[in-house]
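> Could you work out the structure for the sequence below:
(chains A and B, ligands or ions: 2)
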Amino acid sequence: MRLSIENLYHTYGKGLAFETAALKDVSFTIEEGEFVSFIGSTGCGKSTLAQHLNGLLKPDSGRVLVDGKDINEKTPEAMALRHRIGLVFQYPEYQLFEETVLKDVMFGPKNLGCSEEDALRRSRGALSLVSIDPDIFGQRSPFELSGGQKRRVAIAGVLAMEPELLILDEPTAGLDPQGHDEILDMVLALRKNPKLSIVMISHNMADVVELSDKILLLSHGELLKLGTPQEVFGDAELMARSGILPPPAASFVRRLAEKNSFFSSLSPALTTEAAAEEIAKALQGKFE
Amino acid sequence: MALTDITLGQYYPAESPIHSLDSRTKVLGTFGFLISLFIAKSFTGLLFAGLCLLCVIKLSKVPLRFVTRGLKPVMFLIIFTLIINVFFSAGEHMIWQWGIIKMSRESIHRGGFMAARLVLLIFGSSLLTLTTKPIELTDGLENLLGFLKLFKVSPHELAMMMGIALRFIPTLLEETDKIMKAQTARGANFETGKLMDRAKSLVPLLVPLFVSAFRIAADLAMAMEARCYRGGEGRTRLHALKYGRKDLTAGLLFALYLAAMIVMRRFPLI
Ligand SMILES: Nc1ncnc2c1ncn2[C@@H]1O[C@H](COP(=O)(O)OP(=O)(O)OP(=O)(O)O)[C@@H](O)[C@H]1O
Ligand SMILES: [Mg+2]
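Ligands and ions are numbered 1, 2, ... in the order given. Now for the predicted structure:
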């Protein structure tokens, strides 16, 4: 599925004391199977943009198109289009409500009109995708799980609706390192599905460069850049303007080159893996 | 309308003579104003009260639409009052009758009067919370309720509970908005359907809302304890309440207003 945004504007609290223009003339396209990360400093409009992608918020002007069709029309077809896009909110564990994990995950598919068996099959599948064993946890109360487990159940609740575009709003916020890694592994696994496009909002630049095909950089409601991680983080002027810090590995390589002229020929690296490779290569040269 | 548009108990920051009055003056003034509405027997009285209130609103620099938005949640009550009074109460000069439904000159007069009074009640009390920070409001109330100590009730605890409740209204509305959106994203439908279905569709909203409310309350309790809160005994204040000249002026003006209201009760024009 191909999602296009055309000249999107959104203002909160129109005509009130606290009126804020949250999105200003945003246009871009997400291709099928692409992994796009939304980044930008806090309050720049990432969550607002995400909520437009599945019609939860309506734009003041502009359009959201799925395969060329507007999702904000008042027709049943437009509604069906919206259901092909799954949105996982920040802190999704606070939306759990059912008696058992399995019932909670089945809520979404049932709302789509799936039969009991079909909903059950989808839900078991979704739970396995997030590494929650439905046989062990399926009949437990969702309120008895750990924070990271709750969050994965909540994500399964959206996955069970079998979206073609999955939007994750800060999926690792507020988790301990282990919970963070579990979610990251899960996203890595989901990413293998060539039909599934994924949008992730994150403040963790290491995760962003690790996962993204493309990065969308927002600042004060305006789209500054949509490009590959190299294009975005390689542009020093852009980085300075947006107030975003590059991933730790990139900063490390740059500092290393500054500290010792031997490393000055290192080419910029974004991930830990790439940085290690660069340094190893340079050292190899020295010892031969 | 988004849920977060509800203004009940919200503060509108501005610099105005009304904002800078002592909160006790404002509480007493509002209380007095509400009573004065019941002194009025005629439209003249209400009209005068309304005009005075309008002056105060202008002085307070709160945009009129913020004050009128307080009506939204109670619109139903006002319309209900209007209908009951106009169509179901007795009167001499019948205009129209159908079974038990009847309308007379007196009943229209009475209905309009009750509704107008309700509207003024709401405006008056909205203005209090719009121009007074919750913390000032509770400080003022605590001070004014000091006499409750005689009955072994702690005014501090009462005021603190009220302050927290006020503070929680916008938080809970925001939380409701968020959960509603999250469940809508999972295909939940809160807007259409039969009554039974709609009642059922509230479960995915209410359960997480209760869980959140308890979580927020527990966090707040923890934060208060971490700052050594242990009740009102021996607590001093950063901003001590003090009556000033402005409060004297306000008191005198209010006395004039009240006198006018009483005179108008004796000599109603319409
Ligand atoms: N419900 C709302 N009512 C009014 N203003 C809002 C609302 N939600 C967000 N805003 C404002 O819109 C702007 C964008 O908010 P948004 O939540 O999209 O930011 P964000 O990029 O997701 O930030 P964060 O990284 O902190 O999650 C902010 O200035 C915010 O204050
Ligand atoms: Mg956000």
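> okay, CA-based contacts and neighbour counts for the rest of this
Noted.
> what sits against residue A:122?
By C-alpha atoms under 8 Å, 6 or more residues apart in numbering or on different chains, the residues touching residue A:122 are A:106, A:109, A:160, A:161, A:162.
> er, residue B:100 actually
residue B:88.
> Same question for residue A:58.
A:10, A:52, A:72.
> Show me the helices in chain A, by range?
In chain A, the segments counted as helices under DSSP state H are A:46-53, A:76-83, A:101-111, A:116-129, A:134-137, A:147-159, A:177-191, A:205-211, A:229-233, A:236-242, A:248-259, A:272-287.
> So the second one, near chain B or not?
Okay, so that is helix A:76-83. Yes - interface with chain B: helix A:76-83 contributes residue A:83 (C-alpha under 8 Å from any C-alpha of the partner chain).
> okay, the angle between that helix and helix A:46-53?
On the basis of axes from the mean of the first three to the mean of the last three C-alpha atoms, to 10 degrees, helix A:76-83 is oriented at 140 degrees to helix A:46-53.
> What of the last one?
For helix A:272-287 and helix A:46-53, the angle between their directions (the same axes, to 10 degrees) works out to 120 degrees.
> Which elements pack onto helix A:272-287?
Under the contact criterion of 3 or more C-alpha pairs under 8 Å, 6 or more residues apart in numbering or on different chains; DSSP states H and E, helix A:272-287 touches helix A:248-259.
> Identify each buried residue in the helix it packs on, please.
Applying a neighbour-count criterion of 16 or more other C-alpha atoms under 10 Å in any protein chain shown, one finds A:249, A:250, A:252, A:253, A:254, A:256, A:257 buried in helix A:248-259.
> do stretch B:145-161 as well
B:145, B:154, B:155, B:156, B:159, B:160.
> which residues does the closest residue to chain A within the stretch 151-270 of chain B contact?
Of all residues in the stretch 151-270 of chain B, residue B:186 sits closest to chain A, at 4.8 Å by C-alpha to the nearest C-alpha. For residue B:186, the contacting residues are A:86, A:107, A:108, A:111, A:157, A:158, A:161, by C-alpha under 8 Å, 6+ apart.
> Check those residues for the minimum pLDDT and say which it is.
Of all the contacts of residue B:186, residue A:111 carries the smallest pLDDT score, 91.
> Once you drop chain neighbours, what's closest to it?
Nearest residue to residue A:111, sequence neighbours excluded (C-alpha to C-alpha, 6 or more residues apart in numbering or on different chains): residue B:187, at 5.2 Å.
> and what of residue B:85?
Residue B:85 sits nearest to residue B:111 (C-alpha to C-alpha, 6+ apart), 4.6 Å away.
> What is the neighbour count of residue A:20?
14 (other C-alpha atoms under 10 Å in any protein chain shown).
> my read: it touches residue A:9, true?
No - applying C-alpha atoms under 8 Å, one finds residue A:20 not in contact with residue A:9, separated by 11.3 Å.
> how near is whichever residue of chain A sits closest to chain B to residue A:57?
With C-alpha to the nearest C-alpha, the shortest gap between chain A and chain B falls at residue A:108, namely 4.8 Å. According to C-alpha to C-alpha, to the nearest Å, residue A:108 stands 19 Å off from residue A:57.
> before we move on, what about residue A:99?
For residue A:99 relative to residue A:57 (C-alpha to C-alpha), the value is 30 Å.
> Likewise for residue B:44?
In terms of C-alpha to C-alpha, residue B:44 sits 47 Å off from residue A:57.
> Residues of the stretch 1-150 of chain A that sit close to ligand 1?
A:12, A:13, A:22, A:42, A:43, A:44, A:45, A:46, A:47, A:48 (C-alpha under 6 Å from any ligand atom).
> Can you add distance to chain B, pLDDT and neighbour count and give these back as TSV?
As requested, these are exported to TSV (distance: C-alpha to the nearest C-alpha, whole Å; pLDDT from 0 to 100; neighbours: other C-alpha atoms under 10 Å in any protein chain shown):
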residue	distance to chain B	pLDDT	neighbour count
A:12	10	91	14
A:13	8	81	14
A:22	16	94	20
A:42	18	91	12
A:43	16	91	13
A:44	19	93	21
A:45	16	94	23
A:46	15	96	27
A:47	12	95	18
A:48	12	95	19
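> What pLDDT is listed against residue A:244?
For residue A:244, the model assigns a pLDDT of 89.
> Hmm, residue B:131 is touching residue B:13, no?
Yes - with contact defined as C-alpha under 8 Å, residue B:131 reaches residue B:13; the gap is 7.2 Å.
> Look at those two and report which has more neighbours.
Taking other C-alpha under 10 Å, residue B:131 and residue B:13 do not tie; residue B:131 has more neighbours (27 against 15).
> how does chain A divide up, domain by domain?
Taking automatic domain parsing as the criterion, chain A consists of the domains A:3-245, A:247-288.
> First-to-last residue distance for the longest one?
Read that as domain A:3-245. End to end - C-alpha to C-alpha - domain A:3-245 spans 28 Å.
> can you tell me which residues contact the residue of chain A closest to chain B?
A:157, A:158, A:160, A:161, B:186, B:187, B:188.
> Roughly how far does whichever residue of the stretch 151-270 of chain B sits closest to ligand 1 sit from residue B:68?
Taking C-alpha to the nearest ligand atom, ligand 1 has its nearest neighbour within the stretch 151-270 of chain B at residue B:174, 7.5 Å off. Relative to residue B:68, residue B:174 is positioned 21 Å away (C-alpha to C-alpha).
> ok, now residue B:112?
18 Å.
> Flag the shaky bits of the stretch 151-288 of chain A, pLDDT-wise.
A:288 (pLDDT under 70).
> How about the residues of it by chain B?
Residues of the stretch 151-288 of chain A lying near chain B (C-alpha under 8 Å from any C-alpha): A:157, A:158, A:161.
> From these, pick the one nearest ligand 1.
Once C-alpha to the nearest ligand atom is applied, the member of those that ends up nearest ligand 1 is residue A:158, at 19.5 Å.
> just checking, that closest one touches residue A:87?
Yes - Residue A:158 lies in contact with residue A:87 (C-alpha under 8 Å); the separation is 7.0 Å.
> now chain B, which segments are flagged as low pLDDT?
B:1-9, B:268-270.
> and it, which residues reach chain A?
So chain B meets chain A at B:179, B:181-188, B:203-205, B:207-208, B:211-212 (C-alpha under 8 Å from any C-alpha).
> Thanks a lot, see you next time.
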